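Peer 1: How does the following fold in three dimensions:
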Amino acid sequence: MPELPEVETVRRGLAPVMEGAKIIKVEVRRGDLRWPLVKDFAKRITGAKVDGLGRRAKYLVADLSTGDVLLMHLGMSGSFHIIQDTKTARPGDFHHERGKIGAHDHVVFHMSNGATVTFNDPRRFGSMKLVKRSEMDQDPLMKAIGPEPLGNAFDAAMLAKACANKKTSLKAALLDQRVVAGLGNIYVCEALYHSHLSPKRQASTIADRKGGPNERAVLLVDAIKAVLHDAIKAGGSSLRDHRQADGTLGYFQHNFSVYDREGEKCPNCKGTIKRIVQSGRSTFYCPSCQK
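Peer 2: Numbers count the residues shown, from 1 in each chain. Here you go, the predicted model:
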C-alpha cells in the first residue's frame, strides 16, 4: 500500500492541475470502491472550486469551496492520471505496479483548466469520502490518526510517550497509525535500519522509566524524518519532467537499504539482510547491526 512519500508525491503531481480550478463535470463510472460513494457524490462536487489539495497521513485532502472536504485514499492499487494539453502523466512512482487498464478508471474529474484527472483502481481498495470541513477532525477516518512524522510537533519526546507502555514490537508500534501517521511497512523497515534498532525490540525500550525519550528515540525520530524526506525528494523530482507517458519516473526503491533485499549484504556492516514475518507482514533487517 502506498505510504506517506508516495501519497505526497501524488499530491504534488495533482496540485498544479487541481488547486484553484473548478470541477466542471464528474463521471462516476463505478461507485463501489472500498465503500460506496454517497449517492449525490457527483452533484455535491460539480461546480466546486478546489481551494487546496493537502495530505493527512495516507489520505489526499481536497478542500472544496462548498465547505466539503474530499478525502481520497489510494488503497493497494489506486493511482491518478492526468491528461492536459494532449499530454498524459501519472504522478507518483510505487514499488508495486499500479493499474493502467481503462476498464479500471472509476472516477473522472473534468477541471475548468482543461485537465482531466482520472482515478484508476483495479482492486477497488481505494476510497473517496465527502465530509464537512467543520467535522473533518471528528470523522472516523481522521480522529484516530496520530501526529504527522514530518510535522514540527513530532519529536523524540512525543514518540517515546506514545510507546512507553507498549509491549508490542517496535515495528508493530510504528505501523500503528495512532502512534505516527503515514508510515507503512517499507519506510518502517528503512527507518529502523538507519537508527540501528531491531524491529523485534519492545516498543517501550525507546522510553526511560518516566516515559521520556532516551537516545534510541532520538535516533529513531531522526531516521524517520530523513528516510521520508529522501523518499519524497526522489519521487518529487520525477514530477518536474513528465517525459514518459506512463509517468514512471521516480525510483526511490533503488535506494532501499534493507526492504526487499533478503539475502543481500548489509550496506553498513556487511552482514546478511534477513526477512522475518511480524503480524503477517514481511520485515527486512540486519541482525548484525540492528539491536
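
Peer 1: how far away is Glu19 from Ser134?
Peer 2: 21 Å (Cβ to Cβ, to the nearest Å). In this view, the C-beta of every residue, glycine as well, is placed from N, C-alpha and C.

Peer 1: no no, Arg275
Peer 2: As for Arg275, its distance to Ser134 is 46 Å (criterion: Cβ to Cβ).

Peer 1: ok, these two, which is more surrounded?
Peer 2: Arg275 (15 against 9; other Cβ atoms under 10 Å).

Peer 1: phi, psi of the spatially closest residue to the more buried one that is not a sequence neighbour?
Peer 2: Nearest residue to Arg275, sequence neighbours excluded (Cβ to Cβ, 6 or more residues apart in numbering): Glu262, at 4.0 Å. Per-residue torsions, Glu262: phi -50, psi 130 (degrees, to the nearest 10).

Peer 1: for Gly52, same thing?
Peer 2: Dihedral angles (degrees, to the nearest 10) for Gly52: phi -170, psi 150.

Peer 1: Which pLDDT value goes with it?
Peer 2: pLDDT for Gly52: 98.

Peer 1: For it, which non-adjacent residue is closest in space?
Peer 2: Asp63 (4.4 Å).

Peer 1: Pretty sure that neighbour sits against Leu53.
Peer 2: Yes - here Asp63 lies in contact with Leu53, judged by Cβ atoms under 8 Å, at a distance of 7.5 Å.

Peer 1: The residue lying closest to Cys269 once chain neighbours are set aside - how many residues pack around it?
Peer 2: For Cys269, ignoring the flanking residues on the chain, the nearest one in space by Cβ to Cβ, 6+ apart is Cys289 at 4.3 Å. As a burial measure, Cys289 scores 15 neighbours (other Cβ under 10 Å).

Peer 1: where in the stretch 151-291 of the chain is pLDDT low?
Peer 2: 236-254 (pLDDT under 70).

Peer 1: rerun at 90
Peer 2: 230-256, 260, 270, 279 (pLDDT under 90).

Peer 1: As a check, name the ranges of all strands in it.
Peer 2: For the stretch 151-291 of the chain, the strands defined by DSSP state E, counting those that start in this stretch occupy 274-278, 281-285.

Peer 1: Of all these, which one is nearest Ala217?
Peer 2: strand 281-285 (18.4 Å; Cβ to Cβ).

Peer 1: what's in contact with the closest one?
Peer 2: Outside strand 281-285, the residues within contact range by Cβ atoms under 8 Å, 6 or more residues apart in numbering are 171, 175, 185, 189, 192-193, 198-199, 258-262, 273-277.
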